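Visitor: Sequence first, predicted model second:
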Amino acid sequence: MTSEERWVVAGLGNPGPWFAGTRHNAGFLVVDRLAERHGARFRRRGIRCRVAEIEVAGRRVVLAKPGWTINLSGGPLAGVLRAYRGTPERLLVVQDDLDFPFGAARLKRGGGPAGHNGVRSVGEALGTRDFLRLRFGIGRPPKGQPVGSFVLQKFTQTEQSALPDLVDRCADAAEELMLSGLGKAQNALHAAQA
């Protein structure tokens with residue numbers, strides 16, 4: 001991998017202050033942390049995405065937050081890849097994930113959306129599922145609570161106290177992925193959670 005190769009790290013979430021701090025916006029939290037670490041600010045790219053540009057060990061990285069509802073994230077992200085000459089192979093999508101308990105995170109390439117409409121939208125817009133995913137565990141809703149209302153709620157006080165550590169681990173994993181590749185990043189993320 002040369003220093004000229006560009007990565008795109010896209011956080012999935014819903015734009016606007018009403019959704020800030022909700023479980024469905026976990027992806028935004030991670031890309032916000034990456035921007036903060038590197039002193040970058042998000043700016044609008046048209047009306048479809050907010051982007052920030054950083055450098056990780058000589059590698060150019062575009063951070064992206066789609067400006068449409070999470071379920072329609074694919075179109076804006078396809079536009080970012082076109083504008084910055086990115087490829088699905090170097091796209092990391094950071095998403096909330098009901099299949100992992102809060103505090104767990106996993107890195108993988110490809111696979112089905114597992115019920116996540118934002119991930120489904122990205123795959124459909126790109127015409128491939130062969131992009132990387134950082135799955136940020138938010139756990140399952142309590143019995144009887146619909147998934148839709150659970151993901152749009154803010155994290156509990158207990159979760160909020162642990163949230164900075166989880167966001168940092170996910171940001172670390174994204175940087176390790178770009179530096180060392182998927183296998184080493186997966187191992188480092190697993191070790192950080194042991």
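Guide: Sure thing, it's come through.

Visitor: need the longest helix for this protein.
Guide: helix 157-180 (DSSP state H).

Visitor: Give the buried residues for that helix.
Guide: Neighbour counts over helix 157-180 (16 or more other C-beta atoms under 10 Å) mark 163, 166-167, 169-178 as buried. Placement of C-beta: from N, CA and C, glycine included.

Visitor: Summarise which helices and strands that helix is packed against.
Guide: Contacts of helix 157-180 with other secondary structure elements, assessed using 3 or more C-beta pairs under 8 Å, 6 or more residues apart in numbering; DSSP states H and E, are made with helix 26-37, strand 49-56, strand 59-66, strand 91-97, strand 105-109, strand 132-137, helix 182-193.

Visitor: What lies in contact with that helix?
Guide: By C-beta atoms under 8 Å, 6 or more residues apart in numbering, the residues outside helix 157-180 that reach it are 7, 9, 29-30, 33-34, 37, 56-57, 59, 61, 92, 94, 102-103, 105, 107, 132, 134, 136, 154-155, 184-185, 188-189, 192-193.

Visitor: Kindly report the same for stretch 38-54.
Guide: Under the criterion C-beta under 8 Å, 6+ apart, residues 15, 31, 34-35, 37, 55-56, 60-68, 75-77, 79-80, 83 lie in contact with stretch 38-54.

Visitor: Kindly provide the whole-number mean pLDDT of it.
Guide: Averaging pLDDT along stretch 38-54 yields 91.

Visitor: Now find how far off-centre that stretch is within its chain.
Guide: With C-alpha atoms, centre = their mean, to the nearest Å as the basis, stretch 38-54 stands 14 Å off its chain's centre.
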